[in-house]
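Peer 1: this one's structure only:
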């Protein structure tokens, strides 16, 4: 079935360093790839997303890259800050028009930024 | 993005009782909402897709008679955990797609503890 693998499961970086989280999806029909940040006891918050017709997208310190051929996409956080510490989830979905977008989530990465 | 309000944020109930969780879309009419369950340190698992005015679509392995979903209006979906047992203790999260029908916005989540 459809599957999204996410690595690493935990990641510790020094404040100011970069963090990279990688995901691989199995369904080649997937065309939308969001990244969510989840803080303890809260729902996930969308931080950045990318569609299959784009290879890279950047928003300040956060960037996402997509390799459709390899079915890989990655989250890059530069100049990390302690408040970036959280669990990050990638997801893959497919759909179009009025169709329902079903999300398949990765297993999550616990990022710890050390001050 | 869409504003999603989920209530309650935390509930403790006795084994054998039922608990209702509400998910409201505050600024957007959502024909479709999604219900997820998240166990500690695990990813979000889709339980069901809630469709306004029609029956919910349940994922494989999710008991529809145990997790009753009602989506009576374009702004409200409810999940009722019937005859709750300790193994139903989990974090339940709802989501809906935004205007473009692509991005998903999540509620704050409900921590259910069955004692």
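Peer 2: That came in fine, so what should we check first? On a predicted model such as this, the values are computed, not experimentally measured, just so you know.
Peer 1: I'd assumed residue B:6 was in contact with residue B:22.
Peer 2: Yes - at 6.9 Å, residue B:22 counts as touching residue B:6 under the criterion of CB atoms under 8 Å. (C-beta placed from N, C-alpha, C; glycine too.)
Peer 1: Between these two, which has more neighbouring residues?
Peer 2: The neighbour comparison of residue B:22 against residue B:6 (other CB atoms under 10 Å in any protein chain shown) goes to residue B:6, with 21 against 17.
Peer 1: how close does the more buried one get to residue B:96?
Peer 2: From residue B:6 across to residue B:96, the span is 11 Å (CB to CB, to the nearest Å).
Peer 1: again, but for residue A:72
Peer 2: Taking CB to CB, one finds residue A:72 at 28 Å from residue B:96.
Peer 1: From the contact counts, what lies against the host helix or strand of residue A:48?
Peer 2: Using DSSP states H and E, residue A:48 sits within strand A:45-51. Identification of packing neighbours for strand A:45-51 by 3 or more CB pairs under 8 Å, 6 or more residues apart in numbering or on different chains; DSSP states H and E yields strand A:32-38, strand A:56-59, strand A:62-67, strand B:104-106.
Peer 1: okay, the ones you listed in JSON lines with distance to residue B:70, mean neighbour count and mean pLDDT next?
Peer 2: Listed next are the helices and strands packed on strand A:45-51 as JSON lines, based on distance: least, CB to CB, whole Å; neighbours: other CB atoms under 10 Å in any protein chain shown; pLDDT from 0 to 100:
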{"stretch": "strand A:32-38", "distance to residue B:70": "26", "mean neighbour count": "23", "mean pLDDT": "95"}
{"stretch": "strand A:56-59", "distance to residue B:70": "37", "mean neighbour count": "12", "mean pLDDT": "95"}
{"stretch": "strand A:62-67", "distance to residue B:70": "36", "mean neighbour count": "18", "mean pLDDT": "97"}
{"stretch": "strand B:104-106", "distance to residue B:70": "20", "mean neighbour count": "23", "mean pLDDT": "88"}
